[in-house]
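In: Got a predicted model here, sequence first, then my questions.
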Amino acid sequence: MNVEQRYRLVYKPLVFVASLVPLAWLLCGAFNLFGASLGADPVKKLEHEFGKTALNFLLLTLLVTPVKNLAGLPHVPRLRRMLGLFAFFYVVLHFTVYLVLDLELNFRTLFADIAKRPYITIGFAALLLLIPLGVTSTNRMMRRLGRRWQKLHRLIYVIAVLGVWHFYWQVKRDVREPLIYAAILAVLLGYRWFRARARATSKSVSATVPERT
Ligand code: HEM
């Protein structure tokens with residue numbers, strides 16, 4: 001099996017199934033199967049778990065490039081689109097639980113929350129920014145947008161910052177967990193910043209070194 005086939009036939013299906021495990025486990029909890037349970041406040045539990053899973057997928061998506069470079073795995077970006085789409089999927093589930101089960105489809109409360117509760121405003125902004133990324137994730141859109149596609153998909157950095165910020169702001173007391181997420185995100189974004197700087201420096205050095213004649 002060559003690398004292309006290995007990714008298509010083994011790794012991608014494995015990542016796909018593994019990405020559905022959090023959803024499957026929460027569904028088991030909803031129906032009290034295999035000892036899983038959603039606890040005393042099932043709506044809060046679903047809201048929290050979907051929110052956290054969405055954030056985990058956002059960070060996993062950002063982890064792909066460092067893994068590719070540092071572990072020498074040039075083909076691992078083939079999994080990035082799927083991870084990003086699962087981030088979107090879990091954010092949509094998180095929002096749906098909030099809107100349908102928590103607010104019982106009361107759109108007036110939704111808009112009031114977006115206007116008055118800063119952590120909801122930020123979360124909602126992140127959801128809106130994820131939509132164009134989801135819509136343009138097909139090969140066709142990638143080809144159609146060309147270089148603009150890459151620029152557009154840099155929004156993922158902003159979305160991840162908003163996601164962690166949203167998490168931090170909704171915590172009432174113990175901020176340790178969101179701070180751990182913030183630290184991981186800082187490392188992932190810092191890595192990109194250093195690489196971009198190093199590339200820019202090496203470009204300007206090679207431009208100033210006179211060519212040997
Ligand atoms: C990229 C988008 C988003 C991400 C990554 C995200 C992530 C999270 C995370 C990690 C939590 C904390 C879970 C926990 O405590 O264990 C959370 C809580 C919450 N999020 Fe989001 N979220 C996003 C968008 C939204 C949107 C669009 C809404 C609604 C408009 C929303 C509403 C809430 C609510 C109501 C809570 C629970 C607050 C509480 O416990 O009182 N989130 N979110």
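Out: Thanks, I have it.
In: helices or strands up against the longest helix along the chain?
Out: In the chain, taking DSSP state H as the definition, the longest helix is helix 176-208. Where contact means 3 or more CB pairs under 8 Å, 6 or more residues apart in numbering; DSSP states H and E, helix 176-208 is packed against helix 42-71, helix 155-170. Heads up, the C-betas are built off the backbone N, CA and C, glycines and all.
In: can the ones you listed go into JSON lines with extra columns for distance to the ligand, mean neighbour count and mean pLDDT?
Out: Converted to JSON lines, the helices and strands packed on helix 176-208 look like this (distance: least, CB to the nearest ligand atom, whole Å; neighbours: other CB atoms under 10 Å; pLDDT from 0 to 100):
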{"stretch": "helix 42-71", "distance to the ligand": "3", "mean neighbour count": "18", "mean pLDDT": "97"}
{"stretch": "helix 155-170", "distance to the ligand": "3", "mean neighbour count": "19", "mean pLDDT": "98"}
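In: I'd like the ones you listed as a markdown table, with distance to residue 137 appended.
Out: Listed next are those as a markdown table, based on distance: least, CB to CB, whole Å:
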| stretch | distance to residue 137 |
| --- | --- |
| helix 42-71 | 11 |
| helix 155-170 | 11 |
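In: what's the spatially most central residue of the chain in contact with, if anything?
Out: Nearest to the geometric centre of the chain sits residue 58, at 1.7 Å (CA atoms, centre = their mean). With contact set as CB atoms under 8 Å, 6 or more residues apart in numbering, residue 58 has these partners: 87, 156, 159-160, 163.
In: Out of these, which two are the most distant from each other?
Out: 156 and 163 (10.1 Å; CB to CB).
In: Within the helices and strands, which one has residue 29?
Out: With elements taken from DSSP states H and E, the one containing residue 29 is helix 12-30.
In: close to the ligand, is that helix?
Out: No: using CB under 6 Å from any ligand atom, helix 12-30 never reaches the ligand; the gap is at least 12.4 Å.
In: Averaged pLDDT, that helix. What do you get?
Out: For helix 12-30, the mean per-residue pLDDT is 97.
In: tilt between that helix and helix 42-71?
Out: Using axes from the mean of the first three to the mean of the last three CA atoms, to 10 degrees, the inter-axis angle of helix 12-30 relative to helix 42-71 is 160 degrees.
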